[in-house]
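Trainee: Dropping a prediction and its sequence here:
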Amino acid sequence: MWIRFKRDRTGVISAYVVLFFFLIGLLAPVISKLYGKDPYTVYADERPELFDSAGVPVQPNGGISGEFWFGLEPGNGYDVFTKLLYGIRTSLMISVAVTLATVLTGILLGVTAGYLGGKADYWISRVIDFLLAFPAQLFFIASMPVVVSLFVSPRDETPVYVRVVALILVQWFLGWMSLGRILRGTTLALREREFIEAAKVSGAPPGRIIRKEILPNVVTPILVQGTYMLPNFVTAEAGLSFLGVGIVEPTPDWGQMFAKASTELVMQNDITYMFFPGISMIVFIVAFNLLGDSVRDAFDPKTAR
Amino acid sequence: MTEDLVLPAPREAATDATDAPGEPLLVVEKLVKHFPVKGGFPIRRTVGQVQAVDGIDLTVHVGESFGLVGESGCGKSTTGRLITKLLEPTGGSISYRGKDITHATRRQLAPIRSEIQMIFQDPYSSLNPRQTVGKIISGPMEINGLEPEGGHEKRVRELLEIVGLNPEHYNRFPHEFSGGQRQRIGVARALALEPKLIVADEPVSALDVSIQAQVVNLLQKVQQELGIAFLFIAHDLAVVRHFSQRVAVMYLGKVIEVGDRDSIYTRPRHPYTHALLSAVPEVNVGGEDTEDGEDVPQRERIRLAGDVPSPISPPSGCRFRTRCWKAQDKCAAEEPPLIQISGNHAGHLTACHFPEEPTIEARDEDIVLDPALVALEESDD
């Protein structure tokens, strides 16, 4: 499996790219320290000479210079480079958390439904059908403020962690069904195999059968689905932040940078602010999806592309 | 369901008096398994019962090999799964060494789990593809808390040697083995718990004929050298004849004839047993020498028509009557009991109102019930 994966050059390159993004996210504080700036400094106040009266950087291309590598944001004048680093960090942290939560839920409910069968299977499957019928994007947008208001009163300042938790909850709620369904099917097929009966004959308790006999046999669908799901969650989270219901200023976030950039694009016809978050996100999503394909191919050589 | 079942039986119990050969090890009485058939809309309800096993009695003695034969779908495998408690019986009782285990839970079964093991039909699905051979064989020992001398690995290597595999295969995965080798691994797994009874559910029917003989011989060696009782489920009469001392014939969820090997194979009384035996393909018809050097007389020829009736609505009375050439009104009205008919040896029981002569020699006239076959033969003449 590992050998087959290593032979796939696209897969290896995308794996490196993905790894690079995760490293950037992890090391964002270190990098910004070396770079000497952080994403919360309001440079419009600190260095007013860099901005004109409208709050737009004086220098061309959004104020790109040796000092500010990716330029400065209009308005508050945040440093774009560190903002992007921290934005990637926030986005990836949320997406990884959502992926873990959905995978765990999928395993729990999918394997339970498949292994127990009968009534449990019937009800879990109906719940899956019901949730799949939800319009996901609309639901996210509509429910984000509701979920947030569950934690804090709308009149108070919302702490960042509440928004993060809400984002994770909302995406998890509508994210686990596809994996759950796949695992239910796989477990259903495995349950009828004779090695499960052999384990039962030797007196194995159900927990052991699920852990030792079934789970090792469903690792492939879990990995493949997981690598497909994570980039989806990244884009969904970015979308929510773009629409203003996800992470808000001043906390940096990938999607929210697009929101800022699109206003600038309209207001000043300047594409600079779209450029860095856009390119980085496209590279990341494409690389992760290609990685997902390669993982699937490595596990399942029979499906030709 | 008795209380003392929960107590772990001391392993020395293996040498007590009940272990003498000839003592009943497993007694099955009036065992019934019905599978509900669900149907109907919008409210699903039980619309019928598949009467897979409908009141069978069996006794397996210590160290004995007991064969269970019958057509596909007659309930052989269900019986095996009921005895190993993979399925919950609908009725009747199963007792192992005098203990009633019919409705025992997993915990209650724990002390005797290691004594009843199973060998499965399909060697390609009976081994977990993600576990090494060592893990597969040592798993049952771990579950039952067995700590053999020298550790699990040493014991597994011993077992691999017993079943004729290289002990060096310890770390290999099942997909690296052929069907016959896999079945040997399955045998080693069953032996790992030092069982007293092994239920072998068609252990060779998925294998090549050349490999079948090897595996059957291995099982025979195991049975004789380790003194393990076998419930050998098969549809291959020749294999059962080679392997089993006593044989039961099943038809549509019932045992219709049971007896020692020679009684069943040379002196059968039930018409169905006659038909079954006459369907066994035979090489060198009529010219074959027996062990005594006598000529084997020409065998009788019986060809049945139609299929086995549906087990959802089996025929009244004798279940074989719909295909039997001797069926009369009595057969539909009254179910024949499984008894020793006059002329039978001791222990040879038959369930038939109008038993056949105890011989398999050719009759004056062949019994050919299949109309297509009749037409074919007439056109030949």
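Mentor: Thanks, I have it. Computed from a predicted structure; not experimentally measured.
Trainee: Let me see the backbone angles for whichever residue of the stretch 201-350 of chain B sits closest to chain A.
Mentor: Going by CB to the nearest CB, chain A is nearest to B:D201 of the stretch 201-350 of chain B, at 8.9 Å. For every residue, glycine as well, the C-beta is placed using N, CA and C. The phi/psi pair for B:D201 (degrees, to the nearest 10) reads phi -90, psi 100.
Trainee: Would you agree it is in contact with B:P123?
Mentor: No. Using CB atoms under 8 Å as the test, B:D201 is too far from B:P123 to be in contact (11.8 Å).
Trainee: Pull the contacting residues for the residue of the stretch 201-350 of chain B closest to chain A.
Mentor: B:K76, B:S77, B:G80, B:R81, B:M118, B:I119, B:F120, B:Q121, B:I233 (CB atoms under 8 Å, 6 or more residues apart in numbering or on different chains).
Trainee: Can you pull out the low-pLDDT segments for the stretch 101-250 of chain A?
Mentor: Within the stretch 101-250 of chain A, no stretch has pLDDT under 70.
Trainee: Strands of chain B, start to end?
Mentor: B:24-39, B:45-61, B:65-70, B:91-96, B:99-100, B:116-119, B:197-201, B:229-234, B:246-251, B:254-260, B:302-303, B:349-350, B:367-368 (DSSP state E).
Trainee: now these in TSV, with mean pLDDT?
Mentor: Putting those into TSV (pLDDT from 0 to 100) gives the following:
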stretch	mean pLDDT
strand B:24-39	88
strand B:45-61	87
strand B:65-70	92
strand B:91-96	90
strand B:99-100	87
strand B:116-119	92
strand B:197-201	92
strand B:229-234	92
strand B:246-251	92
strand B:254-260	91
strand B:302-303	83
strand B:349-350	90
strand B:367-368	80
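Trainee: Dump these to a markdown table, plus distance to A:A166.
Mentor: Putting the strands of chain B into a markdown table (distance: least, CB to CB, whole Å) gives the following:
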| stretch | distance to A:A166 |
| --- | --- |
| strand B:24-39 | 43 |
| strand B:45-61 | 45 |
| strand B:65-70 | 63 |
| strand B:91-96 | 56 |
| strand B:99-100 | 58 |
| strand B:116-119 | 52 |
| strand B:197-201 | 55 |
| strand B:229-234 | 59 |
| strand B:246-251 | 63 |
| strand B:254-260 | 65 |
| strand B:302-303 | 76 |
| strand B:349-350 | 74 |
| strand B:367-368 | 80 |
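Trainee: about what we covered before: closest one to A:V30 out of the contacts of B:D201, please.
Mentor: Of all the contacts of B:D201, B:F120 has the smallest distance to A:V30: 56.9 Å, by CB to CB.
Trainee: Tell me who's in contact with the closest one.
Mentor: Counting by CB under 8 Å, 6+ apart, B:F120 has contacts A:E194, A:E197, A:A198, B:S126, B:G186, B:D201, B:P203.
Trainee: try 6 Å
Mentor: A:E194, B:S126, B:D201 (CB atoms under 6 Å, 6 or more residues apart in numbering or on different chains).
Trainee: and the closest residue to the first one other than its chain neighbours, how many neighbours does it have?
Mentor: To tie it back to what came earlier, the one meant is A:E194. Spatial nearest neighbour of A:E194, excluding adjacent residues (CB to CB, 6 or more residues apart in numbering or on different chains): B:S126 at 3.8 Å. Per other CB atoms under 10 Å in any protein chain shown, the neighbour tally for B:S126 reads 26.
Trainee: what's the pLDDT at B:S126?
Mentor: pLDDT for B:S126: 91.
Trainee: Thank you, goodbye.
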